[in-house]
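Asks: predicted model follows, preceded by the sequence.
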Amino acid sequence: MDNANKNRKNEDSGRLDFIRAIVSEDLRTGKWDGRVVTRFPPEPNGYLHIGHAKSICLNFGIAAEFGGRCHLRFDDTNPEKEEQEYVDSIIEDVRWLGWDWGEHLYFGSDYFEKMYEYAVRLIEKGKAYVCDLNAEQTREYRGTLTRPGKDSPYRSRTVEENLDLFERMRKGEFPDGSRTLRAKIDMAHPNLNMRDPVMYRIVHADHHRTGDKWCIYPMYDWAHGLEDSIEQVTHSICTLEFENHRPLYDWFLDELGAYHPQQIEFARLNLTYTVMSKRKLLRLVQAGHVSGWDDPRMPTICGLRRRGYSPQAIREFARRIGVNKFNSTVGIALLEHCLREDLNRTSPRVMAVLRPLKVVIDNYPEAKVIELQAVNNPEDPAAGTRKVPFSRELYIEREDFMEEPPKKFFRLAPGREVRLRYAYFVKCVDAVKDADGNIVELHCTYDPATRGGDAPDGRKVKATLHWVSAQHALDAEVRLYDNLFTKENPDEVGDGGDFAANLNPNSLEVLKSCKVEPSLAGAEPLSRFQFERLGYFCADPDSAKERPIFNRTVTLRDTWARIQKAQELG
Ligand code: ATP
Ligand code: MG
């Protein structure tokens, strides 16, 4: 969190982060003839998450700020794990975040033919060979960090033999895993990635775009640099774990004499109380720990969207965390802080009662209904006002009443007076109980002279409660979400356990008998509101018109603001 703060300071004082500094310097020196071309290269084997959003905002943001362009490119070189469903969701999510790639939508698989030609070129140069070692043998021959590798017995095949075998690999003459094409670099290289890395493997599997056209598929390191090169990318920005793949990225492009972008690495985003690995997210979905990729507790973009996050909040978060070279973990409180800031500015206020307690105003006429004027958003005068019906029978929040209030409880209690928001002062005169002693109904009196404001005689109340009119209220379901994991670092587990052991059993609470004000009838799916005094909520896409469902996006408590204040004071 310290880093996030520091980065923000840098940026707010106008200093560029280290990647933007490189791009800016390259523009000054004319290194790329004034071009800035970045790309966001997801593999379509899962849904995008908030970590990807960091990379998306970085790549698209740089392109936008420096007058360049950013490609959306699917790195779809692994047919076994990839699906069209993921392609579609990725396109939807990047667009929802507000970025635009124009006509620059690309697929690595569209370059398979070119990649093949490049591979033939390396073979002809004597820089690649077909190897018959199986996966296990290949691993054994590679050696370790402390022990050099051994040359494959197939390393000295002639160019002709390699060309012939590679062509026959492509034609499908050999079974899966029986042969590979490998770069001929150095089996004693201190960097293991340089020990004759595999470029192609045989996989007889259908690809979601190329069908059965290919049965050899390029490995990541071989494919990725070529994709960047073919698209004439200038700055190939990736996460830190690729730092020691860079020599290989450079080696391939140098040996081919191909256009050669600059690879730059930055630290990936980690966030407290959640996991970010696609493998783990997939497990949560498959094991039914969540309702799907878009479960509002998921750190996926579609999950955040369904939870009620706005693209603006996510982009602001990405801006504040900045980029650097050191892996760290950002507190989820910062993400929620950015969210609250945005929602506070933009969400209409409404009244909703989550755990209703009936209130009868004894001195209010039975059939009388009046409409009170309520402010839609005090932060945004243009949002205007709306009418809220008031009548003799209301609901208030169960926890806003206590029969025997402790010292600091200022809300309703027997004999006590409070204000009903936008309405009147009411005083509790009786609490009705059922046979078990549970309070089922309150009786109050109201003071007609206090409508919409203060008492003319100057008497004060210590609390203002939200409420809804019983006969006008809409029944609603409200889903309260909490962190998906109980630990800041869900991967912190005891012997033999795994991250699933840290799942929060209370991450979802469903309230089925909520009452919300009538203006919420037909709320657009994904529209966001502040339920006064309760938090921010968003209409779930599964809502029915007569019975809406709301997801709690976030409470009103801003722990980040508190942390920041404490830091300033300390
Ligand atoms: P994997 O490669 O294990 O399937 P991945 O999360 O790296 O998972 P990609 O589809 O390769 O998935 O990611 C696309 C881009 O997003 C890459 O450039 C990657 O570096 C970046 N990215 C992924 N996770 C993060 C993260 N947590 N923070 C920042 N960038 C990320
Ligand atoms: Mg990756």
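Replies: Alright, I've got the coordinates. Numbers count the residues shown, from 1 in each chain. Ligands and ions are numbered 1, 2, ... in the order given.

Asks: what's the helix or strand for Met169?
Replies: helix 159-171 (DSSP states H and E).

Asks: how far is that helix from where the chain is centred?
Replies: From the chain centre to the centre of helix 159-171 is a distance of 45 Å (Cα atoms, centre = their mean, to the nearest Å).

Asks: same for that helix, what does it pack against?
Replies: Helix 159-171 sits against helix 112-124, strand 128-131, strand 198-202, with contacts defined as 3 or more Cβ pairs under 8 Å, 6 or more residues apart in numbering; DSSP states H and E. The way it works is simple: take the backbone N, C-alpha and C, and place the C-beta from them, glycine included.

Asks: out of those, which one sits most buried?
Replies: Counting by mean count of other Cβ atoms under 10 Å, strand 128-131 has the highest mean neighbour count of the helices and strands packed on helix 159-171, with a mean of 24.

Asks: after that one comes which helix or strand?
Replies: helix 135-142.

Asks: tell me how far stretch 247-267 is from the chain's mean position?
Replies: That offset, for stretch 247-267, works out to 30 Å (Cα atoms, centre = their mean).

Asks: do that stretch and ligand 1 meet at all?
Replies: No: Stretch 247-267 stays clear of ligand 1 (Cβ under 6 Å from any ligand atom), getting no nearer than 7.5 Å.

Asks: and that stretch, end to end?
Replies: Start-to-end span of stretch 247-267 (Cα to Cα, to the nearest Å) is 18 Å.

Asks: could you do stretch 131-139 as well?
Replies: 13 Å.

Asks: residues touching that stretch, excluding its own?
Replies: 141, 152-155, 177-182, 196, 198 (Cβ atoms under 8 Å, 6 or more residues apart in numbering).

Asks: that one: which residues count as buried?
Replies: Using 16 or more other Cβ atoms under 10 Å as the test for burial, stretch 131-139 gives Cys131, Leu133, Thr138.

Asks: what's the average pLDDT for that stretch?
Replies: When pLDDT is averaged over stretch 131-139, the result is 97.

Asks: correct me, but Lys512 touches Leu480?
Replies: No: Lys512 is beyond contact range of Leu480, at 11.8 Å (criterion: Cβ atoms under 8 Å).

Asks: the more surrounded of these two?
Replies: Leu480 (18 against 11; other Cβ atoms under 10 Å).

Asks: surely that one forms part of a helix?
Replies: No: under the criterion used here (DSSP: H, G, I helix; E, B strand; the rest coil), Leu480 is strand, not part of a helix.

Asks: the residue nearest to Phe326 when sequence neighbours are not counted: neighbour count?
Replies: Nearest non-adjacent residue to Phe326, counting by Cβ to Cβ, 6 or more residues apart in numbering: Ala267, 5.5 Å away. Neighbourhood size, Ala267 [other Cβ under 10 Å]: 17.

Asks: same thing with Tyr309?
Replies: By other Cβ under 10 Å, 28 other residues sit near Tyr309.

Asks: which residue packs closest to it, ignoring adjacent ones?
Replies: Leu339 (6.0 Å).

Asks: circling back to that earlier point, flag every buried residue along the helix holding Met169.
Replies: Asn162, Leu165, Phe166, Met169, Arg170.

Asks: kindly report the same for stretch 387-402.
Replies: Within stretch 387-402, the residues that count as buried by 16+ other Cβ under 10 Å are 388-397, 400-402.

Asks: okay, now it: how far is its last residue from its first?
Replies: Terminal residues of stretch 387-402 are spaced 30 Å apart (Cα to Cα).

Asks: what mean pLDDT does that stretch get?
Replies: 97.

Asks: repeat for stretch 475-488
Replies: Rounded mean pLDDT across stretch 475-488 is 97.

Asks: which other residues reach that stretch?
Replies: 272-275, 284, 290, 296-298, 307, 329, 332, 352, 354, 490, 499, 502-504, 506-516, 520, 537, 540, 547-552.

Asks: what about the residue of the chain found nearest ligand 1, is that helix, strand or coil?
Replies: Closest residue of the chain to ligand 1, Cβ to the nearest ligand atom: Gly51 (2.2 Å). Here Gly51 is recorded as helix under three-state DSSP.

Asks: need the contact list for it.
Replies: With Cβ under 8 Å, 6+ apart, Gly51 has these contacts: Arg268, Leu269, Asn270, Leu271, Met276, Pro299.

Asks: go again with 10 Å.
Replies: Contact analysis of Gly51 by Cβ atoms under 10 Å, 6 or more residues apart in numbering lists Thr239, Arg268, Leu269, Asn270, Leu271, Thr274, Met276, Ser277, Lys278, Pro299.

Asks: same check on Trp251?
Replies: Trp251 is in contact with Lys127, Ala183, Ile185, Asp186, Asn193, Met194, Pro197, Asp221, Gly225, counting by Cβ under 10 Å, 6+ apart.

Asks: same thing but 8 Å
Replies: Trp251 neighbours (Cβ under 8 Å, 6+ apart): Ala183, Ile185, Met194.

Asks: torsion angles phi and psi at the closest residue to the last one other than its chain neighbours?
Replies: So the one you mean is Met194. On the basis of Cβ to Cβ, 6+ apart, the spatially nearest residue to Met194 that is not a chain neighbour turns out to be Ile185, at 4.9 Å. Dihedral angles of Ile185 (phi, psi; degrees, to the nearest 10) stand at phi -120, psi -80.

Asks: next one: Asn193
Replies: phi -60, psi -20.

Asks: report pLDDT for it.
Replies: For Asn193, pLDDT reads 98.

Asks: excluding chain neighbours, what is closest to it?
Replies: Asn193 sits nearest to Leu248 (Cβ to Cβ, 6+ apart), 5.0 Å away.

Asks: what residues does the stretch 301-450 of the chain have near ligand 1?
Replies: Counting by Cβ under 6 Å from any ligand atom, no residue of the stretch 301-450 of the chain is near ligand 1.

Asks: show me the strands in the stretch 301-450 of the chain, by range?
Replies: Listed in chain order, the strands of the stretch 301-450 of the chain (DSSP state E, counting those that start in this stretch) span 328-330, 349-350, 352-353, 356-361, 370-375, 385-390, 393-397, 417-420, 425-433, 439-447.
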